[in-house]
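In: predicted model and sequence follow; I will ask about them next.
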Amino acid sequence: MIRSLPFVFLLLAPLVGCSTSLETHPGISAFEPGTYRVGGSSSLGFRNDDIASTKTDTLSASLDVGKLFWKQIELGARLAYDSVDTGASDTTSQTLLLFLRYYTVNIGSLRPWLEVGTGYTSVDLAGSNNQDGFPIAVGLGATQFVTDDVATEFGVRLSSVGLDTVNRDLTEWFLGLAVFF
């Protein structure tokens, strides 16, 4: 956890130094239908998981592709990989999630959003076979534009998936980067 702090501060630096306004970035205020967003995010050590009731070291990485089909509504897909090291065993999962994201209001170059999604996940629990499930996820976050087309994203996602032998409930704090075109 301590080793990942410099990485987190490095990614947060653009947020602190970004004092842009709508006048300097007119493209930010008007999301046009047909605009694409490609983004990626990661979570390092910020995971709660009921599979591992102890503190865990985690790595999560995801790739998002979305398209604004209405002025403030994006439809997209997320491909995610998670690895949880509990000390005694390792758990990995791969997830494909379809999501709907609603950008709420403009606050200068900051765009808060709400997100819901569902999809398919395959979890490899250490010492057992793969288990499959259908996750349900909700998220709350914000997109902070650094330029007209590049933004950092941060927030929290809550998800739940019922597997054959256990339920997997996750709370994930993430930080990422997105490009709009």
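Out: It's in. Numbering: from 1, shown residues only.
In: flag the helix or strand of the chain with the lowest per-element mean pLDDT.
Out: Least confident helix or strand, the chain: helix 5-17 with a mean of 41, by mean pLDDT, DSSP states H and E.
In: tell me the first helix or strand C-terminal of the longest strand along the chain.
Out: Longest among the strand segments of the chain by residue count, using DSSP state E, is strand 110-125. Following strand 110-125 in sequence order, the next helix or strand is strand 130-133 (DSSP states H and E).
In: okay, now the sheet partners of that following strand, with direction.
Out: Applying DSSP bridges, strand 130-133 is found paired with strand 110-125 (antiparallel).
In: partner residues bridging the residue nearest to residue 133 when sequence neighbours are not counted?
Out: The spatially closest residue to residue 133, leaving aside those adjacent along the chain, is residue 161, at 4.0 Å (C-beta to C-beta, 6 or more residues apart in numbering). Where C-beta positions appear, they are placed from N, C-alpha and C, glycine not excepted. Per DSSP bridges, the residues bridged to residue 161 are residue 168.
In: residue 161: how many residues sit nearby?
Out: For residue 161, the count of nearby residues is 23 (other C-beta atoms under 10 Å).
In: so who does the closest residue to residue 61 other than its chain neighbours touch?
Out: Excluding the flanking residues, the one nearest residue 61 by C-beta to C-beta, 6+ apart is residue 42, at 5.0 Å. Residue 42 sits next to 59-62, 174-176 when contact means C-beta atoms under 8 Å, 6 or more residues apart in numbering.
In: for the protein, what spans make up the helices?
Out: Assigned by DSSP state H, the helices in the chain fall at 5-17, 26-29.
In: hmm, back to that, how close does the residue nearest to residue 61 sit to residue 180?
Out: Distance, residue 42 to residue 180, by C-beta to C-beta, to the nearest Å: 20 Å.
In: and residue 34, backbone torsions?
Out: For residue 34, the backbone dihedrals (degrees, to the nearest 10) come out as phi 100, psi -10.
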